[in-house]
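Asker: Sequence and predicted structure below; questions after.
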Amino acid sequence: MTKPVTTIETIATSCIAGRVRLLNRVVTNLYDEALRPLGVRLSQGNVLAVTAKLGVARPADVCDILELDTSTLSRTVDRMVENGWLEVLPDADGRSHPFRLTVQGRRLMEKTIPAWEKAQAEANKLRGDDGLRLLDAAIKRIKSAHAE
């Protein structure tokens, strides 16, 4: 009976997936708190930023960049269209549903920058000197191993 208890303790305290999810929740909450006065969540801010960068964003491209599944992106885009931040554009094939920022969305993106910078500075302070380098290295290793 010792083995299951030890394994349970290990899972509860050392599971890599669990620890990464915990880190994700803590960091996401930091950004969400900073963006809350503007009515934006980090997930929406990421879609705004990628859309601003692309100009006209195709869902498949945004999903690739943000590692999202299409249903998650679709729900987020629908809410952002309802808020007046994005507009869906007609497409030749009728299936793709590309989108872009509206004037209101562009203004919102500009307003979020100071709040995002504040959250980014706090996250940088919390992660320590080597934190970002180590995170980037881990992501690169995992992605390349997963692609094989």
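Answerer: Perfect, I can see it now.
Asker: Does A119 lie in a helix or a strand, and which?
Answerer: Assessed by DSSP states H and E, A119 sits inside helix 103-127.
Asker: Which is the succeeding secondary structure element to that helix?
Answerer: Following helix 103-127 toward the C-terminus (DSSP H and E): helix 131-147.
Asker: what's the residue positioned nearest the centre of the chain in contact with, if anything?
Answerer: Closest to where the C-alpha atoms of the chain average out (CA atoms, centre = their mean) is S43, at 4.7 Å. S43 makes contact with T76 under the criterion CB atoms under 8 Å, 6 or more residues apart in numbering. From N, CA and C alone the C-beta is placed, and that goes for glycine too.
Asker: Wait, a helix at it?
Answerer: Yes. Under DSSP: H, G, I helix; E, B strand; the rest coil, S43 falls within a helix.
Asker: Would you mind measuring from it to T10?
Answerer: In this view, S43 and T10 are 31 Å apart by CB to CB, to the nearest Å.
Asker: likewise N24?
Answerer: 21 Å.
Asker: Any regions of the protein where pLDDT drops low?
Answerer: Within the chain, the ranges that satisfy pLDDT under 70 run 1-5, 148.
Asker: Roughly how far does the residue nearest to the centre of the chain sit from T72?
Answerer: As judged by CB to CB, S43 and T72 stand 8 Å apart.
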